[in-house]
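Peer 1: no sequence on this one, just coordinates:
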Ligand code: 5IU
């Protein structure tokens, strides 16, 4: 059962190199925190990554909200990721037919495949989307996380939709390393569950976002990794906030595997 196993022990059940790398980072840095770096300038993005870098396993970006994107931005991010041992995770939420997502992944202004080891993908189009993305990776180690459920109120992801996403993942384990979810969508220890909508002092944001605490995400919803944006980014001291979220989430994880 996924929820009962340590990240370390799960390293050997997956044959995806990036799932292994992520399990190793989580075990060695003792962190299952992903920070959502939703800022609008490269300077803010780099500054946030420097502050939270030592405390995270993943930095989640929305690269298209930057007003001043350049190649140097991703070069700096890659350097920080190497220095602090975290991975770059672009929350692109690909959602089109295979041919189109292949161009979106490897072209345009952002050339996402070049710098983001992981990306988010919707299962809605069916598994052609996986084949399309795979056609653009050119031998690089790359992977994706399938969006099986969303944190926003009124999300349309039915049980049937979730099981459809699980089937896609099971059939494409050489590319899919896990899910964005709000519940225990899979007990397969190979798959990594990431849960956004996590904050300590708020329950909603007025625009549909719904929050739970790090403990609830890990212990009640089955998250392996919590994704935190404004709870950290808008804190007076983002580094201190990252440490707090990291410690809460990791101790909840230890409680879960030791129970
Ligand atoms: N995000 C969600 N919910 C989802 C998915 C992605 O909030 O279901 I899929 C993203 C959006 C934002 C981050 O980049 O996670 C959460 O930010 P806040 O912690 O600031 O709400």
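Peer 2: Thanks, I have the structure now. Quantities reported herein were computed from a predicted structural model and do not represent experimental measurements.
Peer 1: buried sites along stretch 190-206?
Peer 2: 190-200 (16 or more other C-beta atoms under 10 Å). Using the backbone N, CA and C atoms, a C-beta is placed for each residue, glycine as well.
Peer 1: show me what from the stretch 51-200 of the chain comes close to the ligand.
Peer 2: Residues of the stretch 51-200 of the chain lying near the ligand by C-beta under 6 Å from any ligand atom: 62, 91, 147, 150-151, 180, 196-197, 199.
Peer 1: longest single helix anywhere in this protein?
Peer 2: For the chain, the longest helix by residue count, based on DSSP state H, is helix 238-258.
Peer 1: contacts for that one next, please.
Peer 2: Here helix 238-258 makes contact (C-beta atoms under 8 Å, 6 or more residues apart in numbering) with 3-7, 30-33, 35, 48, 51-52, 55-56, 198, 200, 213-215, 217-219, 223-226, 228, 231-232, 235.
Peer 1: and what of stretch 10-23?
Peer 2: Stretch 10-23 is touched from outside by 2, 7-8, 24, 27, 57-58, 87, 117-118, 141-143, 173-175, 177-178, 189-190, 192, with contacts defined as C-beta under 8 Å, 6+ apart.
Peer 1: could you do stretch 153-172 as well?
Peer 2: In contact with stretch 153-172 (C-beta under 8 Å, 6+ apart) are residues 123, 126-127, 130, 146-150, 176, 178-179, 181, 185-186, 188, 191, 204, 208, 210.
Peer 1: now, those that are in helices?
Peer 2: Using DSSP H, those in helices are residue 130.
Peer 1: need the buried ones from the contacts of stretch 153-172 selected in PyMOL.
Peer 2: Selection of buried members from these for PyMOL, criterion 16+ other C-beta under 10 Å:
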select buried, resi 123+127+130+146+147+148+149+150+176+178+179+181+185+186+188+191+210
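Peer 1: re earlier: for the residues of the stretch 51-200 of the chain next to the ligand, could you give me CSV that also reports pLDDT?
Peer 2: Shown next, in CSV, are those (pLDDT from 0 to 100):
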residue, pLDDT
62, 98
91, 98
147, 98
150, 98
151, 98
180, 98
196, 98
197, 98
199, 98
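Peer 1: pLDDT score for the residue of the chain found nearest the ligand?
Peer 2: Residue of the chain nearest the ligand, by C-beta to the nearest ligand atom: residue 229 (2.6 Å). With respect to pLDDT, residue 229 scores 98.
Peer 1: kindly report the same for the one 3 residues further on.
Peer 2: What the model reports as pLDDT for residue 232 is 98.
Peer 1: now the phi/psi pair for the residue of the chain closest to the ligand, please.
Peer 2: Phi and psi for residue 229, reported as degrees, to the nearest 10, are phi -110, psi -90.
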